[in-house]
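Undergrad: Provided below for reference: sequence and predicted model.
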Amino acid sequence: MTDRPCSVRSLVRSEPMYGTASTVRAFLLVEVPGPWGQDALRDARIPPHIRTALRQRCHALGVRPLLIRRHGRTAPTRSRVFLAYADPHQPWLETTQVDQPEELLDLDLDALAAGRTTDLQLTDQSLFLTCTHGRHDRCCAERGRPVAAALARSHPAESWEVSHIGGDRFAANLLVLPDGLYYGRLAPSTAVALATRHRAGHLDLSHLRGRSGYGFAVQAAEWFLRSELEVTGRRALRLEASTARDALTEATFVVEGRRWRVRVAREETPPALLTCGAQRPSPIPMHELLRFERLGEPPG
């Protein structure tokens, strides 16, 4: 069984995807055509002192650094840079281009980490970022590259390949910024349809892993509630409050003017090898829906 790719093993386990998105809000994207090493930023073709300083700053601030490239790895004359803040209600995206790697150290990552816009160009564009980081996990390359190619044809301006974003076993994985939406188990045709739906203001619940601005349990609660109410609008839900105690989480959402409370419980299945390169089994956290509760109207 262990010679099977991790994405196949995950399917055999019938492992659900909801509540599995990486929990991060601040993203730094730097265009580096590749190839990428096992650790994309550590091994990037950027002067060592710059990539070391960038990694240290990002780690200290809680900013997620990612490398991006256009499908086909065309080398640009200037490198595109994006700063994204995946606030669940007011996400934003800024961009610029740099001529020299040293300019990366001038980016205001302190503001980004705090959720404040900087002096770069704000854009209302969405980015469709397909993980193709084969040096990190073979499933990302084998399943991600066909998806990246399809999106490059259908949505060329918004589509990029991206380094490791987590959840290799759900390949092909797609991250949509600035919303912070993680999707998994995509085929080329479903990815193209998903991008088109996103442009129209809707989520694809059948492939949604979660929203990175929330913790795992709240991600799962959002997915359960959306699925129950058949609500797919990108801005249709607003988190009002959440509480957690031990393995139980309650999240209250406002949905189209109505309040709902969702209660979920965290459970763990027997340990499994979660990536193609995993050397030891790890537990798989999952979330079970306990109940929905319709509440009174929101104040005001």
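TA: The structure has been received and is ready for your questions.

Undergrad: contacts, neighbours, all on C-alpha from now
TA: Fine.

Undergrad: pull the longest helix from the protein.
TA: helix 138-154 (DSSP state H).

Undergrad: which helices and strands sit right next to whichever helix or strand comes after that helix?
TA: Following helix 138-154 in sequence order, the next helix or strand is strand 159-162 (DSSP states H and E). Here strand 159-162 touches strand 64-69, strand 127-131, helix 138-154, going by 3 or more Cα pairs under 8 Å, 6 or more residues apart in numbering; DSSP states H and E.

Undergrad: Please export the alpha-carbon coordinates of strand 159-162; PDB is fine.
TA: Coordinates of each C-alpha in strand 159-162 appear next as PDB, following Å, rounded to 0.1, in the frame of the first residue of the first chain:
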ATOM      1  CA  SER A 159      -3.100  31.800 -13.300                       C
ATOM      2  CA  TRP A 160       0.200  30.800 -11.800                       C
ATOM      3  CA  GLU A 161       2.000  27.700 -10.600                       C
ATOM      4  CA  VAL A 162       2.900  27.900  -6.900                       C
END
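
Undergrad: So in this protein, which strand runs the longest?
TA: If you go by DSSP state E, the chain has its longest strand at strand 258-272.

Undergrad: re earlier: roughly how far out does the longest helix of the chain sit from the chain middle?
TA: 16 Å (Cα atoms, centre = their mean, to the nearest Å).

Undergrad: Against which helices or strands is it packed?
TA: strand 127-131, strand 159-162, helix 188-199.

Undergrad: what's the angle between that helix and helix 188-199?
TA: With axes from the mean of the first three to the mean of the last three Cα atoms, to 10 degrees defining the directions, helix 138-154 sits at 60 degrees from helix 188-199.

Undergrad: Mind listing what's buried along helix 138-154?
TA: 138-141, 143-152, 154 (16 or more other Cα atoms under 10 Å).

Undergrad: Stretch 181-190 now?
TA: So, applying 16+ other Cα under 10 Å, buried residues of stretch 181-190: 181-188.

Undergrad: TSV please, covering those residues and showing secondary structure and pLDDT.
TA: Shown next, in TSV, are these (DSSP: H, G, I helix; E, B strand; the rest coil; pLDDT from 0 to 100):
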residue	secondary structure	pLDDT
Leu181	strand	98
Tyr182	strand	98
Tyr183	strand	98
Gly184	coil	98
Arg185	coil	98
Leu186	coil	98
Ala187	coil	98
Pro188	helix	98
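
Undergrad: List of residues touching the longest helix of the chain?
TA: Outside helix 138-154, the residues within contact range by Cα atoms under 8 Å, 6 or more residues apart in numbering are 5-7, 70-71, 128, 130-134, 159-161, 168-169, 171-173, 186-189, 191-192, 276.

Undergrad: Please enumerate the strands of the protein.
TA: 26-31, 64-69, 79-85, 92-98, 121-123, 127-131, 159-162, 174-177, 181-183, 208-211, 237-245, 248-255, 258-272, 282-294.

Undergrad: elements contacting the fourth one?
TA: If I follow you right, that is strand 92-98. strand 79-85, strand 121-123.

Undergrad: List the residues that contact Arg261.
TA: 250-253, 292-295.

Undergrad: out of those, who's nearest Trp92?
TA: Using Cα to Cα, Phe253 comes nearest to Trp92 of the contacts of Arg261, at 21.6 Å.

Undergrad: Which residue, neighbours along the chain excluded, lies closest to that closest one?
TA: Leu239 (4.4 Å; Cα to Cα, 6 or more residues apart in numbering).

Undergrad: Burial check on the one you found, number of neighbours?
TA: 18 (other Cα atoms under 10 Å).

Undergrad: That one against Val254, yeah?
TA: Yes - using Cα atoms under 8 Å, Leu239 is in contact with Val254, at 6.4 Å.

Undergrad: what's in contact with stretch 111-119?
TA: By Cα under 8 Å, 6+ apart, stretch 111-119 touches 25-26, 61-63, 83-85, 87, 92, 94, 108.

Undergrad: Can you select the buried ones among those residues for me in PyMOL?
TA: Filtering the contacts of stretch 111-119 down to the buried ones (16+ other Cα under 10 Å) takes a single PyMOL command:
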select buried, resi 25+26+62+63+83+84+85+87+92+94
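
Undergrad: Between the contacts of stretch 111-119, which sits nearest Gly201?
TA: Nearest to Gly201 among those, with distances taken as Cα to Cα, is Trp92, at 15.5 Å.

Undergrad: Read off the pLDDT value for that closest one.
TA: Reported pLDDT at Trp92 in the predicted model: 98.

Undergrad: Tell me who's in contact with it.
TA: 84-86, 117, 122-124, 178-179.
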